[in-house]
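Chemist: Prediction below, plus the sequence it came from.
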Amino acid sequence: MKFQYYWNNVPEHGLCRNNLIYTSLVSEDKKIFVQWYYNDGEYHKGQNQVVDPSKMEEKWNREVKYLTLMTEHYPELVPKIIEIDHASKKIYLEVDGPDFWEQSRCLTENYSSVLPDWKEQMLNIVKAHKSLGLFKYSMHPSSYFVINGKLKSINYFFTYHKDEPRIAINDVTSHIYSTRQAEMRKFTDSVGIDWFEQQPFETLELLCWESFRTNYPADFIEAAKNV
């Protein structure tokens, strides 16, 4: 089976990488999505951010660990894992066409036309994470696929369990895009959060949702913050 790069066609920006960490691939029939934990310069168009092999290894391990955990406890909320190839660091997932964001033509106002109850479904996924003690910070709308009318969550590379040691924002800036960092700065500066001090995961979760205000409507952000 042949695979090709998977892009998001963003208005005014054109074809953009699907995420900052791995290289996204898709089968020709758009039925298999591949998370390839390889820093491909051509795919990232020379804007590679996670260039430290040990950091990439950490992200791979988190993806495998927490995607597998979700599969065990909430299989209806994640795509079916076809294969995890540890040698090549590839995860093959069963999908049904482009991701949620791409189906919405990368425009917030189109979310409901793709999935009328997307808010309820996404909040249900957030509740599932909480029930497992997880704090997931990769919440971009491209981190979801729609299969048979149901949202399926991916991108667990930026996920921490509540019992893990705290982290500082500065520890993870290598995989936060510059524009999102700018949005984060607006909030951290206003409330006095230091980027170099370790923070409770709850504080980082609040910051995460604040940084996604350009991707989700305000009522959804407020509901997510209150889960």
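Modeler: Perfect, I can see it now. Numbers count the residues shown, from 1 in each chain.

Chemist: Quick check: buried residues in the top helix by length along the chain?
Modeler: Using DSSP state H, we find that the single longest helix of the chain is helix 53-73. Residues of helix 53-73 classed as buried: 55-56, 59-60, 62-64, 66-67, 69-70 (neighbour count, 16 or more other Cβ atoms under 10 Å). All C-beta spots, glycine's among them, are computed from the backbone N, C-alpha and C.

Chemist: same check, this time on stretch 9-27
Modeler: Residues of stretch 9-27 classed as buried by neighbour count (16+ other Cβ under 10 Å): 17-27.

Chemist: is it true that residue 157 touches residue 137?
Modeler: No. Counting by Cβ atoms under 8 Å, residue 157 stays clear of residue 137, with 9.6 Å between them.

Chemist: Show me which of the two is the more surrounded one.
Modeler: residue 157 (27 against 21; other Cβ atoms under 10 Å).

Chemist: out of everything not next to it in sequence, what's closest to the more buried one?
Modeler: Leaving aside its sequence neighbours, residue 157 sits nearest to residue 59 (Cβ to Cβ, 6 or more residues apart in numbering; 3.9 Å).

Chemist: Any figure for the gap between the one you found and residue 189?
Modeler: Distance, residue 59 to residue 189, by Cβ to Cβ, to the nearest Å: 28 Å.

Chemist: Equivalent analysis for residue 34, please.
Modeler: Distance, residue 34 to residue 189, by Cβ to Cβ: 39 Å.

Chemist: more neighbours, the two?
Modeler: Ranked by neighbour count (other Cβ under 10 Å), residue 34 and residue 189 place residue 34 first, with 21 against 10.

Chemist: Quick check: can you name the pairing partners of the helix or strand containing the more buried one and their directions?
Modeler: Applying DSSP states H and E as the criterion places residue 34 in strand 32-36. The strands that strand 32-36 pairs with in its sheet are strand 23-27 (antiparallel), strand 90-94 (antiparallel) (by DSSP bridges).

Chemist: pLDDT (mean, whole number) over that strand?
Modeler: Averaged over strand 32-36, pLDDT sits at 98.

Chemist: got it, and stretch 143-155?
Modeler: Averaging pLDDT along stretch 143-155 yields 97.

Chemist: gap between it and the chain center?
Modeler: Stretch 143-155 has its C-alpha centroid displaced from the chain centroid by 11 Å (Cα atoms, centre = their mean, to the nearest Å).

Chemist: Would you mind measuring from the most centrally placed residue in the chain to residue 112?
Modeler: Closest to where the C-alpha atoms of the chain average out (Cα atoms, centre = their mean) is residue 138, at 3.4 Å. As for residue 138, its distance to residue 112 is 23 Å (criterion: Cβ to Cβ).
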